[in-house]
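J.: following is a predicted model, sequence given first.
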Amino acid sequence: MRTPWIILLAAVLPAQPPERDARNLDLPHTDAHVTMPAYRTLAEWEARKQSLKQQILSAAGLLPLPEKTPLGPQIFGRIEHPDYSIEKVLLETMPGYYLGGNLFRPLGKGGKRPAVASPHGHWTYGRLEHQPLASIPARGISLARQGYVVFTYDMVGYNDTAQTPHVFGGRREQLWGFGPLGLQLWNSIRVVDFLESLPDVDPSRIAATGASGGGTQVFLLTAVDDRVKVSAPVNMISALMQGGSPCENAPGLRIRASNLEFGAVMAPRPMLMVSATGDWTRNTPAEEFPAIRGIYQLYGQPGNLEQVQIDAPHNYNQASREAVYRFFGKHVLGDPDPTHFAEQTIRVEKLQDMLALHGRALPDNALNYRQLLEQWIRAAKRQNDATRDPRTLRERLALALAVEWPASVQLSSSGDAVTITRPDRGHRIPGLWKPGPGVPLLVVHAQGAKAAMASPVAAETLRTGRPVLAIDAFETGAAVAVRPAPKRHHLTFNPSDDASRVQDILTALAFLETTGAREVRLAGIGDAGLWCLFAAAVARVPVALSADLAGFTGEDSQFEQRFFVPGIQRAGGLRAALRLRAALRFTRKEPE
């Protein structure tokens, strides 16, 4: 598996360090204005594309993907009209967890048909919303009349899919990657499995469309599942707003990433960007569309990306739907005539005739919220225990920690006091540096560099004349700073403090590598022992580690209180870090 950071030689360059650490300045958040990074070659973008897929799956708690157990589809309550039918559906997307939806099928059209996965947004009635600004039934009926098999399905906590609320999850759930975004993305993946399994569906012609939060579901699905060949995310790919709901904002999802890049992963498959003048997609024709088109141009397929803007507030109205019908008609049905795709009058069924659980109970094996969480954790533990490849373990931990090996480091000094910086990220790490011959020691104390230099291990190393570096890791010692209050979905865009401390240790190790050191001794004192353990587990330089874990055994409550990093347990937690150390023959001074 690919290493999740760019591996380049770190370089010590003389420079004036920034006055403040960028991590304590204007922090990224869901309403910040983002830009698409420049990708000059297809190879550069393809590498980034793979890392984006892994980042999405990691943040969703789906790395590795859970086992695909039988869906056991229940399809019933058929309603027939002259040219289409509607059925109720329950899918068991994981053992004891059920997704509800409606299946719209064309009548009077033979052969295998193309299919459309159709998630809804945050409308009051979910997949049953029918009003001028948005009608999911009108979308299903119209597409079925045009010849598609359409499955409209719930967000978590909506309509028939109510075994969890729509918004849920505390710190324990975050440790294990159990949240609404992950469940919804998993449900979407299983929806594609379901559509592929239907005898009247052509699995090579599967499309997806949805608006608002449903648009987020579409571009996340298409980013991780290549089986979706054509897509139309509506009113959601924006440089101005990245998503307002927790179901769109799992921790770690957009650290150094944005919806612009996630949407671009669809390339070179055909995609229509539908925007509105009255919401956060108002700049799409001039900003987001050209940015993503640049990725399509790298493939030589700029014509596969189109855009249309509707003069309306946030919507998936008739004009937006008809734009999608025309695009799908051209790319899925092979019919470029736009006059064939005007929406006809529809008849909306009674709500009770569409709900899969109206007058019907969930199957006997259905789990409640607590049981679903515990099942998720047990399954994750089994997958973690079955993972033997050290590179895979390292990648998963690095993704959860959101750390990377620095592309370059810079050093400035005044006597023993030094500042190590990363020019590409704006990180600023104060420290104390005593150069000398031999294997260097990096010592990290939870109270900062001065406390580290006063420790017995630093004193003994200094007595022998060997080099010693002590750092003020993020928000310790001289690095403690006044920070702006976190904004919406802070952890979606920013690592936790403990993860940032691991990053600072890696940056310090990268500096020591530039001194010519082929091996580094790393000592962690107090809670810094945990930071050092995880840094050593993902470092790309040989590290001889001495770390006092002070009774840390890897329980969830300990991670919550002493080393809080969302997704760390899903990535293997303490056991994975210790296994990596054993694989690399690190010394051990703490009990396992």
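T.: Alright, I've got the coordinates. Residues are numbered from 1 along each chain as shown.
J.: are we agreed that residue 385 is in a helix?
T.: Yes. Secondary structure assignment (DSSP: H, G, I helix; E, B strand; the rest coil) places residue 385 inside a helix.
J.: that one: what's it in contact with?
T.: Residue 385 is in contact with residue 575, counting by Cβ atoms under 8 Å, 6 or more residues apart in numbering. The C-beta positions use only the backbone N, C-alpha and C, and glycine is treated the same way.
J.: same question, residue 477
T.: Residue 477 neighbours (Cβ under 8 Å, 6+ apart): 430, 445, 447, 448, 449, 450, 451.
J.: secondary structure element for the first one?
T.: It refers to residue 430. strand 427-434 (DSSP states H and E).
J.: what do you get for the last one?
T.: Secondary-structure assignment from DSSP H and E places residue 451 in helix 449-453.
J.: parallel or antiparallel, list what pairs with the strand holding residue 430.
T.: Here strand 427-434 is paired, per DSSP bridges, with strand 417-422 (antiparallel), strand 468-471 (antiparallel).
J.: circling back to that earlier point, which of the contacts of residue 477 are buried?
T.: 430, 445, 448, 449, 451 (16 or more other Cβ atoms under 10 Å).
J.: quick one: residue 127 from residue 198, how far?
T.: As defined by Cβ to Cβ, to the nearest Å, residue 127 lies at a distance of 18 Å from residue 198.
J.: let me fix that: residue 521
T.: Taken as Cβ to Cβ, the span from residue 521 to residue 198 is 60 Å.
J.: looking at these two, which is more packed in?
T.: Between residue 521 and residue 198, residue 521 has the larger neighbour count (other Cβ atoms under 10 Å), namely 22 against 18.
J.: quick one, what contacts the more buried one?
T.: Here residue 521 is in contact with 439, 440, 441, 442, 461, 543, 544, 546 (Cβ under 8 Å, 6+ apart).
J.: the domain parsing of this structure - what is it?
T.: Domain assignment for the chain by automatic domain parsing gives 12-59+388-583, 74-252+331-378.
J.: of these, which is nearest residue 283?
T.: domain 74-252+331-378 (6.7 Å; Cβ to Cβ).
J.: and the contacts of residue 521, which are buried?
T.: 440, 441, 442, 461, 543, 546.
J.: so what's the second one up against?
T.: Residue 441 makes contact with 457, 458, 461, 466, 467, 468, 469, 520, 521, 522, 523 under the criterion Cβ under 8 Å, 6+ apart.
J.: tell me how far the fifth one lies from residue 512.
T.: Residue 467 sits 8 Å away from residue 512, going by Cβ to Cβ.
J.: what does the third one give?
T.: Residue 461 is 13 Å from residue 512, where distance means Cβ to Cβ.
J.: and if you look at residue 453?
T.: Counting by Cβ to Cβ, the gap from residue 453 to residue 512 is 16 Å.
J.: more neighbours: those two, which one.
T.: Using other Cβ under 10 Å, the more surrounded residue of residue 453 and residue 512 is residue 512, with 25 against 20.
J.: now that one: which helix or strand?
T.: Going by DSSP H and E, residue 512 is part of helix 497-514.
J.: state the mean pLDDT of that helix.
T.: Helix 497-514 shows a mean pLDDT of 97.
J.: got it, and stretch 114-128?
T.: On average, stretch 114-128 scores 98.
J.: for stretch 60-72, same thing?
T.: 98.
J.: likewise stretch 177-195?
T.: Computed over stretch 177-195, the average pLDDT equals 98.
J.: how about low-confidence regions in the protein?
T.: 1-15, 584-592 (pLDDT under 70).
J.: go again using 80 as the cut-off
T.: 1-16, 583-592 (pLDDT under 80).
J.: so which bits of the helix or strand harbouring residue 46 are buried?
T.: For residue 46, the host element (DSSP H and E) is helix 42-59. Across helix 42-59, burial judged by 16+ other Cβ under 10 Å covers 42, 45, 48-49, 51-59.
J.: pipe those residues into a markdown table and attach distance to residue 178 per row.
T.: Below are the buried residues of helix 42-59 laid out as a markdown table (distance: Cβ to Cβ, whole Å):
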| residue | distance to residue 178 |
| --- | --- |
| 42 | 36 |
| 45 | 32 |
| 48 | 28 |
| 49 | 26 |
| 51 | 23 |
| 52 | 22 |
| 53 | 20 |
| 54 | 19 |
| 55 | 18 |
| 56 | 16 |
| 57 | 14 |
| 58 | 13 |
| 59 | 12 |
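J.: secondary structure element holding residue 361?
T.: Judged by DSSP H and E, residue 361 forms part of no helix or strand.
J.: and residue 228, what does it touch?
T.: Per Cβ under 8 Å, 6+ apart, neighbours of residue 228: 117, 192, 206, 207, 208, 221, 222, 269.
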